[in-house]
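have a look; sequence and predicted model below, questions after that.
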Amino acid sequence: MMGSLWALALLLIPGALALLLPRLRWIGAAGAVAGAAVGLVACARLLGGAAAESLRVHWSIPGGLLYMELDALGAFFLLPVWIVTALAAVYGVEYLGRHPRAPLAAALFNLLAASMVVVVLSRNALLFLAAWEIMALSSFGLVMLEDEKDSVRAAGWTYLAASQLGTAALLLMFILLGSAAGSLDFDRFSAAGRGGWILALGLIGFGTKAGFIPLHTWLPEAHPAAPSHVSAVMSGVMIKMGIYGLVRLLGLLGPIPAAAGWWFTAIGISSGLLGVIYALAQHDLKRLLAYHSVENIGIIMLGLGVGLLGVRYGLPAMAAAGFAGGLFHVLNHALFKSLLFLGAGSVLHATGTRDLDRLGGLVKTMPVTAAAFLAGALAICGLPPFNGFASEFLVYLGAFHGSTASAQGPVWGGLAVLVALSAIGGLALACFAKAFTVVFLGHAREARPQPARDPGPAMKAPMLLLASLCLAIGLGAPRLFPAFQYILAGRTDAAAQAAALGDARAALGTATGVMAVFVALALLAALWRIRRLAGRPVSQSVTWDCGYAAPAATMQYTGSSMAQPLTEFLDPVLRAERHIEPPAGYFPASASFVSHTPDFFQRFLYRPLTALGARLLAPLRRVQHGNVHLYVLYIALTLLALLAWSLGAR
Amino acid sequence: MSVSGLIPVLAALTLSPLLFGVINKVKALVAGRQGPPVLQLYYDLLKLSRKGAVYSATTSWLFRAGLVGGVAAVVAALLLVPLGGTPAVFAFRGDFILALYLLGVARFFLVAAAMDTGSAFEGMGASREVFFSALAELALFVVLAALAHGTQTGTLSAMLGGVTPELWRAETPSLALLLIALVLVLLAENARIPVDDPNTHLELTMIHEVMVLDHGGPDFALVLYTSALKLWLFAALVVGVLPIHDGPPAAAFAAGLAGMALVAALVGVVESAMARLRLARVPQLLLGAAALALVGFLLLAAG
């Protein structure tokens, strides 16, 4: 426990110093790296099988102790927190450069990282909620860093409102959990027959943070608005705190409601499919990535849903593979999504735009960013040999155990998950084939005063490190299996779980072998190609243009045109808005086509709801009119009323 | 790991170009022509691999790496596919997931190479490829999940080996539906009629062909060889669902090879008998294949 507390101190003190000593631009990031180094050592011990460490101190706040604990599950969720915040902090120093608010950003960033660590460590509801709120507020501050822009302010307020509503659900959930025991310490909680209600509140509260559809609408607004290294942390790590909360809650409930597996699976299918479908229709690179976070949260929920179905129907192999895959995807998504956001940040930094259809050809002038983004793109599509494949494979494997079972329940659950995952996989590939190729390949679609260059070492190193981690975990996944045994302890019967994890590990081990063969074959084919072409004429020419004499860069397929057949097909869900000015006459002088896809739920659910709320509450404006002297009168009247009441009560 | 599994892989590596020869020969016979020799693709590969290359100045290293990654991914996937009762080199629970994702790698790289040329034609092909393949992959997943459920096994080798004459007798309707879905997926994934016309000369209507307009020399040889291997892989899946691999291993393997020729001939007949569908109809065809497979699954699971 002391290790984690030291790590927190290493994080927070330099964070405060960054605000006091704005000339030391590196101090916040240095703290984040030092904290991560210490914090990761503590995590590694737990994941190697060490016993949980806890800290209980009496404090003046009612409802229990200042109670913190680090167990294997917590250590697993802290891995991405420490790794990604440290790398993103280093990236942020160069990214923000001499931005006047860079010191404030560094302080808030370290506070955000520390609050996530405390969320994972705390075992008392009040401590948890305090950390949860600090996490929400510090990230709100970071989203609002460039609040001179209208769009940023709108995004920030949406985020704040959503996160407060989520916290309200959590408050209610903790009250229900704690009321039976009369204590807000996690170890004394009992669901006392209200498991279904508690889980539903948890799904709303934690789901708002995680971004389940339809609670996700803040996510594609807030993540693109934040500076890119903050987007990386929010999308990669912070939304996982919602998943952490749910997994922790499942452990506190005692008997899990029988329908829980179906709830999780349904949420996973809807978030996964709708997330990737909305991502396909985006042409803002960071917004596209934000929608992919919704999709990946869906995949994580599919894994947990498969696990819960396995527990319910007594199939330990299904349960173990599902839980292991869902949780493993938490780590993997944190790594590749933050990598992709950092890559998008480099593109934004170098070109000043996030619009796919204005970019192109960056691989030639930004080779490092392109290679790192490619690794992230392959990983997020779940393509071997990167880490996304390993975790998605485990989820698939769990679902497959279900679909080959003899009982009807797991068969339909397993089949639904298999079909959903393969649809998500195919669409994600389509989306990233678009995002990567449109930004980095072909010609630049707009002329630039100077070519976009790769950023400096402080931004390159984190991307390269994350890319190599994605590859290393992809090829070394079987070696991580012993840790799953500790992380999943207590979820299912221990012996059956060990056997099931052993089987999954063996399957993944052989899969890794095939991937190694694939890499070797690719090298062999490359060698063949090089030897074939050696000494033969190799020349350069133009791209085949069908004989047309004046091809221009704007004639290339854009992101929107590449996704068009799919978005057209999915239009019943997407409801894109199109503004078309068709060419007219024999010599048309102008024509234009604009399309954008606002979020369905934002448009048809929240906007009407908030409009209704505003209308209902409008009469209250009469009370809040801005006349200060009348406000003083309110205060006086209130005091008078209180005085009268207190005298009357006596 | 099974060493005898190398035999199907070697067969794929050496015999896959023959499939195109058979298809073209059948098409020629139906049309009353003599047609190119059955070994034509071998001659083409030999000729192309002796040539130099011309690259578009727009392209980057991804254009060159794309084909290399593609051929390696398809060969790696072939390591998981059995033929004629001979199990694959590697077999593990869920191996078909890896095989399909390896095909996904090949697709990603092919699309990247196409987009790297900055040509609107190739962008058009790439856009269609990622869309149609996503749907075809969905249908294929359902088919394989159904086979796994029907045979109560978890590996491709066991699944396809478990489709016996007895199973066909017991589950004729569902296996027939799965077979039809699988053939539709084969036609779509290998750019055959009714989804794509390999003989078209109009760039605007192509899918697969248009993505490789700028490849030449050894690179184009790799493209052609990769598509031959991919056709072999899907044909092996179709043959696997036929109840022909009982009996001694050698005879079963010979029956498997004969089955491959039969599938190629079937593709040739389909191509002679019908025209390409309008592009807007292709998603319906593929969703139809997925629906057929789903019905097959329902019949198996409920029965």
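Received it, and whenever you're ready, just let me know what you need.

distance of the residue of the stretch 151-300 of chain B found nearest chain A relative to B:Leu62?
The nearest approach of the stretch 151-300 of chain B to chain A comes at B:Pro218, 4.2 Å away (CB to the nearest CB). The way it works is simple: take the backbone N, C-alpha and C, and place the C-beta from them, glycine included. Applying CB to CB, to the nearest Å, the value for B:Pro218 to B:Leu62 is 17 Å.

list the buried ones in stretch A:50-59?
Under the neighbour-count criterion of 16 or more other CB atoms under 10 Å in any protein chain shown, stretch A:50-59 has A:Glu53, A:Leu55 buried.

residues contacting it, please?
A:Met1, A:Leu5, A:Leu46, A:Leu65, A:Leu66, A:Tyr67, A:Met68, A:Glu69, A:Leu70, A:Asp71, A:Ala72, A:Arg123 (CB atoms under 8 Å, 6 or more residues apart in numbering or on different chains).

show me where chain B has helices.
B:6-31, B:40-49, B:61-78, B:95-115, B:120-151, B:156-161, B:165-170, B:172-189, B:217-241, B:249-273, B:282-302 (DSSP state H).

now those in TSV, with mean neighbour count and mean pLDDT?
Formatted as TSV, these follow (neighbours: other CB atoms under 10 Å in any protein chain shown; pLDDT from 0 to 100):
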stretch	mean neighbour count	mean pLDDT
helix B:6-31	19	95
helix B:40-49	16	96
helix B:61-78	24	94
helix B:95-115	27	95
helix B:120-151	25	94
helix B:156-161	24	92
helix B:165-170	13	92
helix B:172-189	22	96
helix B:217-241	23	95
helix B:249-273	18	94
helix B:282-302	20	94
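
got a markdown table for the ones you listed, with distance to A:Ala200 too?
Putting the helices of chain B into a markdown table (distance: least, CB to CB, whole Å) gives the following:
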| stretch | distance to A:Ala200 |
| --- | --- |
| helix B:6-31 | 52 |
| helix B:40-49 | 61 |
| helix B:61-78 | 43 |
| helix B:95-115 | 33 |
| helix B:120-151 | 31 |
| helix B:156-161 | 40 |
| helix B:165-170 | 44 |
| helix B:172-189 | 39 |
| helix B:217-241 | 44 |
| helix B:249-273 | 52 |
| helix B:282-302 | 31 |
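
hang on, the earlier thing: which ones are touching the residue of the stretch 151-300 of chain B closest to chain A?
A:Trp528, A:Arg529, A:Arg532, A:Leu533, B:Leu48, B:Ser49, B:Lys51, B:Ala53.

give me the element the first one is part of.
This means A:Trp528. Counting by DSSP states H and E, the element that carries A:Trp528 is helix A:494-533.

buried set for that helix?
In helix A:494-533, the ones that count as buried by 16+ other CB under 10 Å are A:497, A:500-501, A:503-505, A:507-508, A:510-515, A:517-519, A:521-522, A:525-526, A:528-529, A:532-533.

ok, back up a step: leaving out the residues flanking it, which one is nearest to the residue of the stretch 151-300 of chain B closest to chain A?
Computed as CB to CB, 6 or more residues apart in numbering or on different chains, the closest residue to B:Pro218 that is not its neighbour in sequence is A:Arg532, at 4.2 Å.

now do the contacts for the one you found.
By CB under 8 Å, 6+ apart, the neighbours of A:Arg532 are B:Ser49, B:Gly217, B:Pro218.

quick revisit: what is the nearest of the contacts of B:Pro218 to B:Thr86?
A:Trp528 (27.1 Å; CB to CB).

the closest one - nearest residue in space that isn't next to it in sequence?
B:Pro218 (7.9 Å).

repeat for B:Arg93
B:Gly154 (3.8 Å).

isn't that neighbour up against B:Ala145?
No: B:Gly154 lies out of contact with B:Ala145 (CB atoms under 8 Å); the separation is 10.7 Å.

check the offset of the helix holding A:Trp528 from the chain's centre.
Put simply, helix A:494-533 sits 28 Å off its chain's centre (CA atoms, centre = their mean, to the nearest Å).

pLDDT of that helix, averaged?
Helix A:494-533 carries an average pLDDT of 93.

so that helix versus helix B:95-115, what angle?
40 degrees (axes from the mean of the first three to the mean of the last three CA atoms, to 10 degrees).

and the angle for helix A:494-533 with helix B:40-49?
70 degrees.

got a list of what the residue nearest the centre of chain A touches?
In chain A, the centroid-proximal residue (CA atoms, centre = their mean) is A:Ser235; its distance is 3.2 Å. When contacts are counted by CB under 8 Å, 6+ apart, A:Ser235 touches A:Leu219, A:His223, A:Leu289, A:Ala290, A:Ser293, A:Lys337, A:Ser338, A:Phe341.
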